[in-house]
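Undergrad: quick one, fold the following:
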Amino acid sequence: MALAQQKPDPIARRDPAAVNAVIAVLAAKFGNRLVTSQAVREQHANTTTWIANEPPDAVIFPQAAPDVQDIVRICAERRVPVIPFGTGTSLEGHVNAPYGGVSIDFRDMKRVLAVNSQDLDCVVEPGITRKELNEHLRDQGLFFPVDPGADASLGGMAATRCSGTNAVRYGTMKDNVLALKVVLANGELMTTARRAKKSSAGYDLTRLIVGAEGTLGVITELTLKLSGIPEAISSGVCPFPSLEAACNAAIATIQFGVPVARIELLDELQVKATNLYSKLTLPEVPMLFVEFHGSPAGAAEQAERFGEIARDLGGGPLAAAPSNGRRGPRTARGFGRRVTMPTGRAARCAPARRRSRPMCASRSRGWRNASPQHNATWPNSISSHRF
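TA: Numbers count the residues shown, from 1 in each chain. Sure thing, here's the model as predicted:
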């Protein structure tokens, strides 16, 4: 016990001399791309929730992978933390710098390096956001399907293994990242995989880095899986008499093989908050928001099958979602936090969770997106249960 008490905590110790030395070297190398003003530093710490703002000692803006390698090497020599930063929408304080350090802002690394439309993949830098990528891909009939809510940067989405409401059909980031280039703690650049879909050679380093939240390296390039833009998209809202009935409808929809693209559950409190925020008039009962992708006939058939399942469980009718000039139930996004659980347990867990703690109806800013690595995440957007 005495030895444990005497052992110092190396992480808790902050060395101002080391920080000043690193800042001096970085300033000499990168010039005005290194910023130390208080306002900019606070903008690169947590600003979206109750967690206290803990700014870094400096913010730097790399423009290419070699810049990131130099930054990491310089910081590693004096054991100064690095905190990569994407769009700063994290709700969990992932971009905070509790022990100081250097925030690496990827705003200048947002190029689309390659689009392989025939192979349905693309290569991008970590600072580009999903909306920017989809705008670039639109004229080729392709899109990147992972949608966590906020316009998060793709590096941060990979670092936090984000998902989204359409994960039920398209999967999460772990399913849509094919390969990465990562700067390790010693400044070396590692390539985790190639573009080939089929490979059993070596360790699956891509899955190791995806979701590591920057603790294993700084992402500088991503190879992403793309999907074709569906010919038709239909969405709707379906009320239910109870949370259990709504959960059972979601379970049955998936078990019966209905290829629903999005499905999300809101309880009465969340529907009330949604009505107040988005100026809607939805009935304040448990409700599923759904979306279907496919051909016009296919999307209509999927909606019809879902409506039959809902009716069998006492729900419905399935009504077209109010849009307010935006697509479907996305208008209603923006409240609380999600709860993720195995689909088969949703019918039991959702009502039990509500009895133990009412679901939150406070505004949330979208997924956990903040930056691509160490202490970095990227956000969500709605409050609800996701299947």
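Undergrad: doesn't Arg262 fall inside a strand?
TA: Yes. The assignment for Arg262 by DSSP: H, G, I helix; E, B strand; the rest coil puts it in a strand.
Undergrad: that one touches Glu291, doesn't it?
TA: Yes. Using Cβ atoms under 8 Å, Arg262 is in contact with Glu291, at 3.9 Å. To be clear about C-beta, it is placed using only N, CA and C from the backbone, and glycine gets the same treatment.
Undergrad: show me which residues of stretch 200-214 are buried.
TA: For stretch 200-214, a neighbour-count test (16 or more other Cβ atoms under 10 Å) marks 205-206, 209-214 as buried.
Undergrad: let me see the ranges of the helices in the stretch 201-350 of the chain.
TA: Using DSSP state H, counting those that start in this stretch, the helices found in the stretch 201-350 of the chain span residues 205-209, 243-255, 268-278, 296-312, 346-356.
Undergrad: what's the shortest one packed up against?
TA: Helices and strands touching helix 205-209, as assessed by 3 or more Cβ pairs under 8 Å, 6 or more residues apart in numbering; DSSP states H and E, comprise strand 177-183.
Undergrad: tell me the mean pLDDT for the strand it packs on?
TA: Across strand 177-183, the average pLDDT comes to 95.
Undergrad: can you check stretch 291-305 too?
TA: On average, stretch 291-305 scores 90.
Undergrad: list the buried residues for it?
TA: Within stretch 291-305, the residues scored as buried using 16+ other Cβ under 10 Å are 291-294, 298-299, 302-303, 305.
Undergrad: from those residues, which is closest to His94?
TA: Glu291 (28.6 Å; Cβ to Cβ).
Undergrad: list the beta-bridge partners for that closest one.
TA: Ser235, Arg262 (DSSP bridges).
Undergrad: for the most centrally placed residue in the chain, which non-adjacent residue is closest in space?
TA: In the chain, the centroid-proximal residue (Cα atoms, centre = their mean) is Cys162; its distance is 3.7 Å. Spatial nearest neighbour of Cys162, chain neighbours left out: Pro148 (4.5 Å); criterion: Cβ to Cβ, 6 or more residues apart in numbering.
Undergrad: check Leu184 too.
TA: Closest residue to Leu184 apart from its sequence neighbours, by Cβ to Cβ, 6+ apart: Gly217 at 4.8 Å.
Undergrad: who's in contact with the one you found?
TA: By Cβ atoms under 8 Å, 6 or more residues apart in numbering, the contact set of Gly217 is 182-185, 190, 209, 373.
Undergrad: ok, for Lys197, nearest residue in space, not its chain neighbours?
TA: Leu178 is the one closest to Lys197 (Cβ to Cβ, 6+ apart), at 7.3 Å.
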